[in-house]
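*Asks:* have a look; sequence and predicted model below, questions after that.
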Protein chains: 2
Amino acid sequence: MPPQDLKHKKLQPPSEQLLAHLTKLVGKNNAITDPQLQKPYLHEWRDRYIGRTPILLRPDTTAQVSKILKAANEACVAVVPQSGNTGLVGGQIPSEDGTQILLNISRLNRFRSIAPNKQHMTVEAGATLTEVQQKAQSLDRLFPLAMASQGSCQIGGNIATNAGGLNVLAYGSTRNLVSGLEVVLADGRIWNGLKSLKKDNTGYDLRDLFIGSEGTLGIITAAVLKLYARPKDTATAFLALDDLNAIASLFEYVSLNARSNLTAFEFMPAIAMEFVTAHIQAARLPLSSRHPWYVLMEISEFASQTNAQLRLEEQVNFAMKQGDVKDGVIASSLKQSSEIWRLRETISEAQKPEGGSIKHDISVPIESIPNFINTASRIVEQICPGARPVPFGHFGDGNIHYNISQPPGMDKTDFLALWETMSEAIHELVTKMDGSISAEHGIGRMKKDSLIRHKSPVELQTMRAIKEALDPKGILNPGKVL
Amino acid sequence: MPPQDLKHKKLQPPSEQLLAHLTKLVGKNNAITDPQLQKPYLHEWRDRYIGRTPILLRPDTTAQVSKILKAANEACVAVVPQSGNTGLVGGQIPSEDGTQILLNISRLNRFRSIAPNKQHMTVEAGATLTEVQQKAQSLDRLFPLAMASQGSCQIGGNIATNAGGLNVLAYGSTRNLVSGLEVVLADGRIWNGLKSLKKDNTGYDLRDLFIGSEGTLGIITAAVLKLYARPKDTATAFLALDDLNAIASLFEYVSLNARSNLTAFEFMPAIAMEFVTAHIQAARLPLSSRHPWYVLMEISEFASQTNAQLRLEEQVNFAMKQGDVKDGVIASSLKQSSEIWRLRETISEAQKPEGGSIKHDISVPIESIPNFINTASRIVEQICPGARPVPFGHFGDGNIHYNISQPPGMDKTDFLALWETMSEAIHELVTKMDGSISAEHGIGRMKKDSLIRHKSPVELQTMRAIKEALDPKGILNPGKVL
């Protein structure tokens, strides 16, 4: 099993004949060749990537997806699957050479069925995350996946990238929320794995192989999603702490006590709150004095007899007695709770008036967070003296959005020119600490080279062997992940 | 990707030279060729399979496993991995032709490390499940995997088969309890995937591919296990219900309310309790009148301020008001609780004095359980009039141990001769209901032919393609799963 170089596959641009065949398959209105009409599908939303394509296809059934892939595979033509085009690493954009077919699954957006006990529903891949959440709510259930892009991103893309978001602490990543899949394979065969079983030990776990493979092993066309109880009561606290070890100790205590009732444990440094209170309208700290670190903690209750605020108070009081928490406030109204959440959610926005920002989406083992942040600070200072680390994020997931704001007064372009040097140094530290260089955004095109540097050769070889086995001609999303 | 017939691989018996090389590798005492000494390793514990091997190897380091596989792969010699030899489908036993090396990993049993926050520990594959549980307990943590064979089965085998057991309802199968793996691949390369990250979106999910692959894709040598909070309080109820729909309705209510605090929800029919009270010493029903169905329900609490019995009473009172539960008792002492559990745990044993029993380990979507059991009863009656279905098990996992006791007075051998006919009919029904023909025991050798009949060709082809990619010579556990 020597490492295969997938770049040497002889992919072809589509022939006129193939284009005509595909147009007939999906209908003229859904086979778009006009560059003006294609434009919104070819621009990555942060303008990092702008692709070209001879044809944008918008099939609306699994059978159409199957026929497209069969024809493309026979002709050795690349196909890039796309859903909401909100990805952060360029996985959804075709290459610039204009040879790759763009297959957008937005029209494949039906709700196929709901289990009688409302614990599962089967949804096609093009439903937006908001539509999925709303459907769950209409059943008095919760689909817990949630993120900033939820109005546009689609469940197929969420699954293909194993998206993270705001509720991973209690519910896990998208992987944990999916019970079964329907996938069209590279040559057009359809795998029906739409199962809603809790236990099934009959062979290899194909579901988890497709989840997170970013469209390189198959195209997800539908999924059985797990539905959860909606919380009956939620309470939010904003706490001040002196150091990272105190945060770690607080997290250990509450996560063991409250378990899956602990639905958020986010952390942020003093500098983040300075930026937010300086630049975000009407934002103010709910505490009277300044502290080095803050934690946003949320407890949810699911039984009608229990009280979230009471449980939260018990946890906070204990932690204050222990000395971990120095000051804190528990939201006494929904309004105050959403003001607290706003402090956390506007950090990235509040960084903008402070100049350039170099960003990372990394994870390390939870107990290594303090050591990681302290060591990373020293690395940043060595590479760019005066640069201001703003590490914040999902402490309970070990997931740090390690953003670095430029030194005050430095030229923004000069600072951003350090991106690669800085990232490589941070990623090296992450790898040394057994962490991940992409905790929730995936690899796509942006982190492909970085992956090669940070994964072990054995793991890369194994991934390539699987790719060769499932997509021998390499037509599925070439140039991404591997 | 045409379906490959894996049987046509040209596997060889090991040469004298290879045997000498392997003996030198692990040392004479751990390269056992004496059939008497090999015997306990070659007998499946229910006497279904008795294998032969030219050599039993007991390596004690990952490096040794690596060297063994490298040599075996070069020589095209089959290797059967084995841990505690407690599997129920024959996956751990070599073939009868005496050509396959048996690689037992029992000596690879060190506890390598414990995370400072005691949320993870790294353990070698040969540690017994009891040792793992005890180590967790010594850290004031819970490793929730539990099953009858825990004193003998080893964590490597648990992971390779994605074992189920008694605590799947709240904690999931073994898959959910494993954070990272170390695996030796077919050609001896070592994949170090010993990570303890909650979030890692950097490529294909190899971990979940190896978990449950029953030693056909690689040999698991170590794992990072997740550790959980130990419950501070537990309460058990024994409830009587009139029909399966009432059980389904009760389960829906308590699972939404108590969520992961619901740590057991087992069901059993009147006939099972008749067998148990008739044949098991000192067993007696804690209720005064007879009912068609019974449920064992357990609630655990993890915060010191909460009371499990109180929460359980609330749930039971509500269900009695609703009319789902007709009668019930909540254990008032540890002794009474273990007496209730004994009623559930001795069902298989209590079937023995009633003659032959044909057994199935199946799952269906939870909401289909009533329909499955009613339809299956009719099928059983058609195939063998008078045969007595004893369906019991993990209702909350959709996992039914669908056992059938022979008609009273029938010849046991005549009844057991119906095994294949009966199983095929039951498995057909399971497949029609989108269920699984092996919920927690795996495929191994016993269900290999059945798998071919009940899996879709696309899924089998995909599994075979992955097998070919990761083990091109087919040396790993040939004749199992695929």
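*Replies:* Alright, I've got the coordinates.
*Asks:* check contacts around the residue nearest to A:Gly218 when sequence neighbours are not counted.
*Replies:* Distance criterion CB to CB, 6 or more residues apart in numbering or on different chains; nearest residue to A:Gly218, sequence neighbours excluded, is A:Val183 at 4.1 Å. In short, each C-beta sits where N, CA and C put it, glycine included. Going by CB atoms under 8 Å, 6 or more residues apart in numbering or on different chains, A:Val183 touches A:Ile190, A:Trp191, A:Gly193, A:Leu206, A:Phe210, A:Gly218, A:Ile219, A:Ile220, A:Thr221.
*Asks:* does the third one really touch A:Arg207, like I thought?
*Replies:* Yes: because the distance of 5.8 Å satisfies CB atoms under 8 Å, A:Gly193 is recorded as touching A:Arg207.
*Asks:* between those two, which contacts overlap?
*Replies:* Common neighbours of A:Gly193 and A:Arg207 (criterion: CB under 8 Å, 6+ apart): A:Gly180, A:Leu181.
*Asks:* returning to that earlier point: in strands only, show me the contacts of A:Val183.
*Replies:* A:Ile190, A:Trp191, A:Gly193, A:Ile219, A:Ile220, A:Thr221 (DSSP state E).
*Asks:* the fifth one: neighbour count?
*Replies:* Right, A:Ile220. 29 (other CB atoms under 10 Å in any protein chain shown).
*Asks:* and the pLDDT for it?
*Replies:* Here, the pLDDT recorded for A:Ile220 equals 98.
*Asks:* residue contacts, it?
*Replies:* A:Ala125, A:Gly156, A:Ile159, A:Ala160, A:Leu181, A:Glu182, A:Val183, A:Phe210.
*Asks:* picking that back up, widest-spaced pair of the ones in strands among the contacts of A:Val183?
*Replies:* Within the ones in strands among the contacts of A:Val183, A:Gly193 and A:Ile219 form the most distant pair, 13.4 Å apart (CB to CB).
*Asks:* who has more neighbours, the two?
*Replies:* A:Ile219 (28 against 21).
*Asks:* assign the residue nearest to A:Gly218 to helix, strand or coil.
*Replies:* Secondary structure, DSSP: H, G, I helix; E, B strand; the rest coil: A:Val183 is strand.
*Asks:* what sits against A:Gln150?
*Replies:* By CB under 8 Å, 6+ apart, the neighbours of A:Gln150 are A:Thr128, A:Leu129, A:Thr130, A:Gln133.
*Asks:* quick one, what contacts A:Ile366?
*Replies:* So A:Ile366 contacts A:Ala248, A:Phe251, A:Phe395, A:Gly396, A:Gly398, B:Asn117, B:Gln119, B:Lys198 (CB under 8 Å, 6+ apart).
*Asks:* could you export these as CSV, including neighbour count?
*Replies:* Compiled in CSV, the contacts of A:Ile366 are given as follows (neighbours: other CB atoms under 10 Å in any protein chain shown):
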residue, neighbour count
A:Ala248, 21
A:Phe251, 24
A:Phe395, 25
A:Gly396, 22
A:Gly398, 24
B:Asn117, 18
B:Gln119, 24
B:Lys198, 23
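*Asks:* dump those into CSV; add distance to B:Ser106 and secondary structure as well.
*Replies:* Converted to CSV, the contacts of A:Ile366 look like this (distance: CB to CB, whole Å; DSSP: H, G, I helix; E, B strand; the rest coil):
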residue, distance to B:Ser106, secondary structure
A:Ala248, 37, helix
A:Phe251, 37, helix
A:Phe395, 40, helix
A:Gly396, 37, helix
A:Gly398, 33, coil
B:Asn117, 30, coil
B:Gln119, 27, coil
B:Lys198, 31, coil
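*Asks:* so the most centrally placed residue in chain A, which state does it fall into?
*Replies:* Centroid-nearest residue in chain A: A:Ala163, 3.3 Å away (criterion: CA atoms, centre = their mean). Under the three-state scheme (three-state DSSP), A:Ala163 adopts coil.
*Asks:* what residues does the stretch 251-400 of chain A have near chain B?
*Replies:* A:252, A:256-260, A:302-305, A:311, A:314, A:363-367, A:394, A:396-399 (CB under 8 Å from any CB of the partner chain).
*Asks:* where does chain A dip in pLDDT?
*Replies:* A:1-9, A:305 (pLDDT under 70).
*Asks:* all strands for the stretch 251-400 of chain A, in order.
*Replies:* A:262-269, A:293-301, A:325-330, A:357-358, A:361-363, A:388-394, A:399-405 (DSSP state E, counting those that start in this stretch).
*Asks:* how about A:Glu440: what's its closest non-neighbour residue?
*Replies:* In space, A:Glu440 is closest to A:Gly164, 2.9 Å off (CB to CB, 6+ apart).
*Asks:* and that neighbour, how many neighbours?
*Replies:* 25.
*Asks:* surely it meets A:Ala439?
*Replies:* Yes: with contact defined as CB under 8 Å, A:Gly164 and A:Ala439 form a contacting pair (6.7 Å).
*Asks:* how close does the closest residue to A:Gly98 other than its chain neighbours get to chain B?
*Replies:* Nearest non-adjacent residue to A:Gly98, counting by CB to CB, 6+ apart: A:Arg52, 3.7 Å away. Going from A:Arg52 to chain B by CB to the nearest CB, to the nearest Å gives 27 Å.
*Asks:* ok, A:Arg52 - contacts?
*Replies:* With contact taken as CB under 8 Å, 6+ apart, A:Arg52 is in contact with A:Pro35, A:Leu42, A:Pro94, A:Ser95, A:Glu96, A:Asp97, A:Gly98.
*Asks:* among those, which are in helices?
*Replies:* A:Pro35, A:Leu42 (DSSP state H).
*Asks:* quick one, which of the contacts of A:Arg52 are buried?
*Replies:* Applying 16 or more other CB atoms under 10 Å in any protein chain shown to the contacts of A:Arg52, the neighbour count classes A:Leu42, A:Pro94, A:Ser95 as buried.
*Asks:* can I get the residues you listed in CSV including distance to A:His279?
*Replies:* Shown next, in CSV, are these (distance: CB to CB, whole Å):
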residue, distance to A:His279
A:Leu42, 33
A:Pro94, 37
A:Ser95, 38
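*Asks:* which one of the residues you listed is nearest to A:Asn403?
*Replies:* Nearest to A:Asn403 among the buried ones among the contacts of A:Arg52: A:Leu42, at 28.1 Å, using CB to CB.
*Asks:* now do the same contact list for that closest one.
*Replies:* With contact taken as CB under 8 Å, 6+ apart, A:Leu42 is in contact with A:Ile50, A:Gly51, A:Arg52, A:Thr53, A:Ile93, A:Pro94, A:Leu102.
*Asks:* surely A:Ala78 and A:Lys10 touch.
*Replies:* No: in this structure, A:Ala78 is not within contact of A:Lys10 by CB under 8 Å, at 11.1 Å.
*Asks:* show me which of the two is the more surrounded one.
*Replies:* Neighbours were counted for A:Ala78 and for A:Lys10 using other CB under 10 Å; A:Ala78 has more, 25 against 7.
*Asks:* phi, psi of that one?
*Replies:* phi -70, psi 140 (degrees, to the nearest 10).
*Asks:* try A:Ile32
*Replies:* Dihedral angles (degrees, to the nearest 10) for A:Ile32: phi -100, psi 120.
*Asks:* may I see the ChimeraX selection of the buried members of the residues of the stretch 251-400 of chain A next to chain B?
*Replies:* Applying 16+ other CB under 10 Å to these, the buried members can be selected in ChimeraX as follows:
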select /A:252,256,257,258,259,260,302,303,311,314,363,364,365,366,367,394,396,397,398,399
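*Asks:* can you pull out the helices in the stretch 351-482 of chain A?
*Replies:* Along the stretch 351-482 of chain A, counting by DSSP state H, counting those that start in this stretch, helices occupy A:369-383, A:412-416, A:419-432, A:448-454, A:457-470.
*Asks:* many thanks, we can stop here.
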